[in-house]
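**Q** Coordinates only, no sequence provided:
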């Protein structure tokens, strides 16, 4: 594993913003209200137009808009790769973006949105998810490297969370080169996955042999996001839900969770984790 000053080397980091907010804090020992201030994570609504029409509005942290846009478009069946985008204009000041895709991508998307893999989680779960998504690659990840990367994420990289306790964060880890490729954070946990996916698509990075290590909980919808991405393994700090566990088993995704200093648990498909 590559280290800088005793820490895992990370390719790219951009912090989300937070502001200092005056609050009134109740102190039980004194049975009194005290004037105080706390840092609060910034959240914005960001409008995305696609091919001249309003596509969606994202509620997100005001950083890494390009990654979020690309990841969302791929997750929602509007693009197959970053090459499907011919023009993308991001106006961070006015919180809006305009995206234009190729004619071929538009024809593909018209059919893709009818494909069950791009349905909402509620619709997919009424079907058979294991028959909708391809099985992920049979790759291997070191338990020690997963734990070291989780420690780096939770102890050093998540500075905004330490300050505000109000954002989720995640990294894309490359086992072959034993390094973190990218770190992303957002007030929305779903957005973290979209940003990591968008970064990989924008940089033409193959992610089927990578692992996502995440500071929160993998819900059922997030497991389906992993299925669309082709990710084989995820490690989350918090425990999974019963539904996300069942989906992980059906899709063949290795689900690690309950990350703690010195240990973690493998809830599904443990064969990808090695000593």
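**A** Ah, there it is. This structure is a prediction, so every number in the text was calculated from the model and none was measured. Residues are numbered from 1 along each chain as shown.
**Q** so who does the residue lying closest to residue 84 once chain neighbours are set aside touch?
**A** Of all residues not flanking residue 84 in the chain, residue 105 sits nearest, at 3.7 Å (CB to CB, 6 or more residues apart in numbering). The C-beta positions use only the backbone N, C-alpha and C, and glycine is treated the same way. Contact analysis of residue 105 by CB atoms under 8 Å, 6 or more residues apart in numbering lists 78, 79, 80, 84, 85.
**Q** Show me where the stretch 101-250 of the chain has its strands.
**A** Per DSSP state E, counting those that start in this stretch, the stretch 101-250 of the chain carries strands over the ranges 141-142, 168-174, 179-186, 211-214, 233-236.
**Q** okay, the ones you listed in a markdown table with mean pLDDT, distance to residue 21 and mean neighbour count next?
**A** Below are these laid out as a markdown table (pLDDT from 0 to 100; distance: least, CB to CB, whole Å; neighbours: other CB atoms under 10 Å):
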| stretch | mean pLDDT | distance to residue 21 | mean neighbour count |
| --- | --- | --- | --- |
| strand 141-142 | 98 | 40 | 19 |
| strand 168-174 | 95 | 20 | 25 |
| strand 179-186 | 94 | 19 | 24 |
| strand 211-214 | 97 | 27 | 26 |
| strand 233-236 | 98 | 29 | 27 |
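**Q** right, and those strands - which one's nearest residue 101?
**A** For the strands of the stretch 101-250 of the chain, proximity to residue 101 was assessed by CB to CB; strand 179-186 is nearest, at 23.1 Å.
**Q** for whatever helix or strand residue 70 lives in, the distance to its chain's centre please.
**A** Element membership for residue 70 (DSSP states H and E) is helix 65-75. Centre-to-centre, helix 65-75 and its host chain are 11 Å apart (CA atoms, centre = their mean, to the nearest Å).
**Q** can you check stretch 82-92 too?
**A** On CA atoms, centre = their mean, the centre of stretch 82-92 falls 20 Å from the chain's centre.
**Q** So that it lines up with my notes, have the first residue be 799 from now on.
**A** All set: I'll call the first residue 799, so the last point we hit is now stretch 880-890.
**Q** And it, what's buried?
**A** Applying a neighbour-count criterion of 16 or more other CB atoms under 10 Å, one finds 880, 882, 883, 886, 888 buried in stretch 880-890.
**Q** Contacts only, for the second one.
**A** With contacts defined as CB under 8 Å, 6+ apart, the neighbours of residue 882 are 876, 899, 900, 902, 903, 906.
**Q** Looking at the chain, which helix is longest?
**A** helix 987-1000 (DSSP state H).
**Q** Of the contacts of residue 903, which belong to strands?
**A** residue 883 (DSSP state E).
**Q** tell me which of the contacts of residue 903 is nearest to residue 1039?
**A** For these, the nearest to residue 1039 is residue 876 (28.2 Å; CB to CB).
**Q** Next, work out how far apart the closest one and residue 938 are.
**A** According to CB to CB, to the nearest Å, residue 876 and residue 938 sit 33 Å apart.
**Q** Who has more neighbours out of those two?
**A** Shown here are residue 876 and residue 938; by other CB atoms under 10 Å, residue 876 has more neighbours (25 against 13).
**Q** picking up where we left off before, I'd like the strands of the stretch 899-1048 of the chain as a markdown table, with distance to residue 1003 appended.
**A** Formatted as a markdown table, these follow (distance: least, CB to CB, whole Å):
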| stretch | distance to residue 1003 |
| --- | --- |
| strand 939-940 | 17 |
| strand 966-972 | 8 |
| strand 977-984 | 7 |
| strand 1009-1012 | 13 |
| strand 1031-1034 | 16 |
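**Q** just for this structure, where's the confidence low?
**A** Scanning the chain for pLDDT under 70 picks out the ranges 799-814, 954, 956-963.
**Q** Point to the residue nearest the middle of it.
**A** By CA atoms, centre = their mean, the chain has its centre lying nearest to residue 991, at 1.6 Å.
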